[in-house]
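Asks: Have a look; sequence and predicted model below, questions after that.
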Amino acid sequence: MDQFERLAQLPLRDDLRGQHPYGAPQLDVPILLNVNENTFGVPQDARDAILAAVAGELNHLNRYPDREFTTLRQELASYLGHGLDEGNIWAGNGSNEVLQQLLQAFGGPGRTVMGFPPTYSMYPLLASGTGTTYLAGVRAGDYGLSAESAAAQVREQAPSLVILCSPNNPTGTALGLDVVEAVYEAGEASQTMVIVDEAYAEFSHTGTDSALSVLEGRPRLVVSRTMSKAFAMAGARLGYLAAAPEVTDALRLVRLPYHLSAITQATAVAALRNSDSLLANVEAIKVQRDRIVDGLIELGLTPAPSDSNFVFFGGLEDPSAVWEALLARGVLIRDVGIPGHLRVTAGTEAETTAFLDGMRAILAG
Ligand SMILES: Cc1ncc(COP(=O)(O)O)c(C=O)c1O
């Protein structure tokens, strides 16, 4: 009996029937460049600090954690700057949970959320899980999104929420703040919540402005971030957002009690207090990211401009065959299902060399 036959025996919600669970392959391969992790790992001084903080928590692990995670919110506010304080901050077990809570509070049955594919593939799944209708917006042929086009689409569809992913996954390119501002204005009549998913913001080219700089005076604007990428903490599960304090009050209505464990809070606080050390490899990753772009151009392929720690590239006749051939060489990258394209995470210098050498060999023959 396969998974669908087994599920058919249960009184599952009609809208979940036939759906596949989200998840990239988790394969045991030497070089993992498929889910945009920071492959440098956690430096020793940060490890020591996290271990000491977690050990301290064991003294009161019999008690529920601080449900307001106040210290963590203070540390996150101070990391983000922009005049934010703990009243502006909310966090969850990964930014996926934060996005889910936003949909629980502002979406739901009879409401809509708009995204602009190709974009992060969890958005439609979070929509379906919360009973929110997903509206697929349209990008230009080169996957760009102009302020005029995005605003016109928001005005026409009047969604309850819109999610702008910047830098966008899977294309890697950041949006100008003119897009964020135009979408916010276009959503005035429909009181649309505008979420800017900045999971990869730390990898942006110098001079790329964060939507944090336009938060003030925009109570329907939310900027979502994560410690999974630049901070090398994907395993710790800590995502967060910055917004007006009333947005965080709305999320208190839908969060589960004590949703952030004492271990998670202690880990994230210790990591934030060692952020210089944890973020020390971001520049090295950006160098490898740019090296991948240059290397792929040399191979005659067409990488998209990247402000993230990954590169989306086209020009492949048979992406699945290239994906398979790289895997056979011990390099796992991501087939995002877009014809002619693949996506690769920028890793260490050695990992990037293995990827580029593999591509060169595969395309040669
Ligand atoms: C654009 C984007 N947003 C959010 C996430 C979720 O990250 P996490 O739940 O680990 O914070 C990801 C993960 O790959 C992502 O690519």
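Replies: Great, that's in hand.

Asks: From now on I want contacts and neighbour counts done on CA atoms only, so please keep to that.
Replies: Fine.

Asks: Around the ligand, which positions in this structure sit nearby?
Replies: 94-96, 120, 165, 169, 197, 199, 226, 228, 234, 237, 239 (Cα under 6 Å from any ligand atom).

Asks: at 8 Å instead, please
Replies: 35-37, 93-97, 119-120, 122, 165-170, 197-200, 225-229, 234, 237-240 (Cα under 8 Å from any ligand atom).

Asks: Where in the protein is the helix or strand with the lowest mean pLDDT?
Replies: helix 3-8 (a mean of 82; mean pLDDT, DSSP states H and E).

Asks: Please enumerate the strands of the stretch 1-150 of the chain.
Replies: 31-32, 89-92, 112-115, 133-136 (DSSP state E, counting those that start in this stretch).

Asks: Ok, the stretch 201-350 of the chain next?
Replies: 221-226, 239-243, 302-303, 310-314, 331-332, 342-345.

Asks: I'd like those strands as CSV, with distance to residue 351 and mean pLDDT appended.
Replies: Converted to CSV, these look like this (distance: least, Cα to Cα, whole Å; pLDDT from 0 to 100):
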stretch, distance to residue 351, mean pLDDT
strand 221-226, 24, 98
strand 239-243, 27, 98
strand 302-303, 18, 97
strand 310-314, 13, 98
strand 331-332, 8, 97
strand 342-345, 10, 98
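
Asks: Make CSV out of those strands and add mean neighbour count.
Replies: CSV is the format used below for these (neighbours: other Cα atoms under 10 Å):
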stretch, mean neighbour count
strand 221-226, 26
strand 239-243, 25
strand 302-303, 20
strand 310-314, 24
strand 331-332, 24
strand 342-345, 26
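
Asks: possible to save the ones you listed as JSON lines with distance to residue 266?
Replies: Listed next are the strands of the stretch 201-350 of the chain as JSON lines, based on distance: least, Cα to Cα, whole Å:
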{"stretch": "strand 221-226", "distance to residue 266": "16"}
{"stretch": "strand 239-243", "distance to residue 266": "14"}
{"stretch": "strand 302-303", "distance to residue 266": "39"}
{"stretch": "strand 310-314", "distance to residue 266": "29"}
{"stretch": "strand 331-332", "distance to residue 266": "32"}
{"stretch": "strand 342-345", "distance to residue 266": "28"}
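
Asks: which stretches of the stretch 251-365 of the chain have low pLDDT?
Replies: Applying pLDDT under 70 to the stretch 251-365 of the chain picks out no residues at all.

Asks: Could you find the closest non-adjacent residue to residue 275?
Replies: Excluding its sequence neighbours, the residue lying closest to residue 275 (Cα to Cα, 6 or more residues apart in numbering) is residue 231, at 7.4 Å.

Asks: Next up, phi/psi of that neighbour, please.
Replies: phi -80, psi 0 (degrees, to the nearest 10).

Asks: so it touches residue 278, yeah?
Replies: Yes. Using Cα atoms under 8 Å, residue 231 is in contact with residue 278, at 5.5 Å.

Asks: Between those two, which contacts overlap?
Replies: residue 271 (Cα atoms under 8 Å, 6 or more residues apart in numbering).

Asks: Could you measure from the nearest residue to residue 109 once chain neighbours are set aside over to the ligand?
Replies: The shortest distance from residue 109 to any non-neighbouring residue, by Cα to Cα, 6+ apart, is to residue 131 (4.9 Å). Per Cα to the nearest ligand atom, to the nearest Å, residue 131 is found 19 Å from the ligand.

Asks: thought residue 131 was touching residue 108?
Replies: Yes. Here residue 131 lies in contact with residue 108, judged by Cα under 8 Å, at a distance of 4.9 Å.

Asks: And the residue nearest the centre of the protein?
Replies: residue 199 (3.9 Å; Cα atoms, centre = their mean).

Asks: ok, that residue - contacts?
Replies: 95, 166, 167, 224, 225, 226, 229.
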